[in-house]
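**Student:** what follows is a predicted structure for the sequence shown.
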Amino acid sequence: MADSYRGDKRITKSKTNLKKALFELLAEKEWGKISVQDITQRANLNRTTFYQHYQDKYDLLHQNMRDMFEAMKEDIFSPLDIDCSGEKPEAYWYVLRFYQHLQQNCDDFAIIINRRYELNIKELLNDFWNDSFLTGIKKTAASDTNRSVPLDIQRRFVISAFAGTAAWWLENGMPYPPELMAESLIKMIQKN
């Protein structure tokens, strides 16, 4: 039992070091100029260890991004321990958690946002936004959904608003606190 635990810890540490190395390199140079050798040297691991976990640098990037998005969704949509009958709608608390998570992980998310076209991650981002939108609709009991507007139009509008605003917020050094971002977005969405 102890051996498998130690093995699990080594695997976790190796993967953590590879992710850290990848994001450090992404902050320094173009994606096309980053090699597996660069990543393993930075992580102080050998290539065999890398290939035990990942097929190539794309696999490393995509697995880490999926993990980041999954962690974000868990943070956002974990059960609320707040009385939502107060002045702020339930959706506010989910939007607030979104911005708090971005703020706490701003270095990695800023790299992803700034390099999204170069990294060719449109599909991963779309999956995250679509899943989050549908989860948000379910969490808020769909009662807030405007039934006169088709759901696919609502989805595109909300996703565009959140994605664009989040990118702007990170690219500009998070000029407003998460609370103001959440409050502002909810107000704008409610008015439209």
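**Tutor:** The structure has been received and is ready for your questions.
**Student:** burial count for residue 70?
**Tutor:** Neighbour count for residue 70, taken as other C-beta atoms under 10 Å: 12. To be clear about C-beta, it is placed using only N, CA and C from the backbone, and glycine gets the same treatment.
**Student:** actually residue 98, not the one I wrote
**Tutor:** Residue 98 is flanked by 23 other residues according to other C-beta under 10 Å.
**Student:** so the nearest residue to it once chain neighbours are set aside is in which element?
**Tutor:** Ranked by C-beta to C-beta, 6 or more residues apart in numbering and with sequence neighbours excluded, the top spatial neighbour of residue 98 is residue 76, at 5.2 Å. Assigned by DSSP states H and E, residue 76 belongs to helix 57-77.
**Student:** following the helix-or-strand element of the chain with minimal mean pLDDT, which helix or strand shows up next?
**Tutor:** Lowest on mean pLDDT, DSSP states H and E among the helices and strands of the chain sits helix 122-139, with a mean of 75. Downstream of helix 122-139, the first helix or strand assigned by DSSP H and E is helix 151-171.
**Student:** mind listing what's buried along that following helix?
**Tutor:** Buried residues in helix 151-171, counted by 16 or more other C-beta atoms under 10 Å: 154, 158-159, 162-163, 165-167, 169-170.
**Student:** determine which two of these are furthest apart.
**Tutor:** 154 and 170 (24.4 Å; C-beta to C-beta).
**Student:** hang on, the earlier thing: for residue 129, state which of the buried residues of helix 151-171 is nearest.
**Tutor:** Distance to residue 129 across the buried residues of helix 151-171 (C-beta to C-beta) is lowest for residue 159, with 4.4 Å.
**Student:** ends of stretch 80-93, what's the gap?
**Tutor:** 8 Å (C-alpha to C-alpha, to the nearest Å).
**Student:** now that stretch, how far from the centre of its chain.
**Tutor:** Relative to the centre of its chain, stretch 80-93 is centred 23 Å away, using C-alpha atoms, centre = their mean, to the nearest Å.
**Student:** can you pull the buried residues of that stretch?
**Tutor:** Within stretch 80-93, the residues that count as buried by 16+ other C-beta under 10 Å are 88-93.
**Student:** make a markdown table from those residues and add distance to residue 43, pLDDT and secondary structure to it.
**Tutor:** A markdown table is the format used below for these (distance: C-beta to C-beta, whole Å; pLDDT from 0 to 100; DSSP: H, G, I helix; E, B strand; the rest coil):
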| residue | distance to residue 43 | pLDDT | secondary structure |
| --- | --- | --- | --- |
| 88 | 43 | 84 | coil |
| 89 | 44 | 81 | coil |
| 90 | 42 | 81 | helix |
| 91 | 40 | 83 | helix |
| 92 | 40 | 88 | helix |
| 93 | 37 | 89 | helix |
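**Student:** would you confirm that residue 128 contacts residue 68?
**Tutor:** No - counting by C-beta atoms under 8 Å, residue 128 does not reach residue 68; the two are 9.0 Å apart.
**Student:** what sits up against the helix holding residue 76?
**Tutor:** Residues outside helix 57-77 that contact it (C-beta atoms under 8 Å, 6 or more residues apart in numbering): 18-19, 22, 34-36, 39, 50, 53-54, 94, 97-98, 100-102, 105, 108-109, 112, 119, 121, 124, 127-128, 131-132, 135-136, 139.
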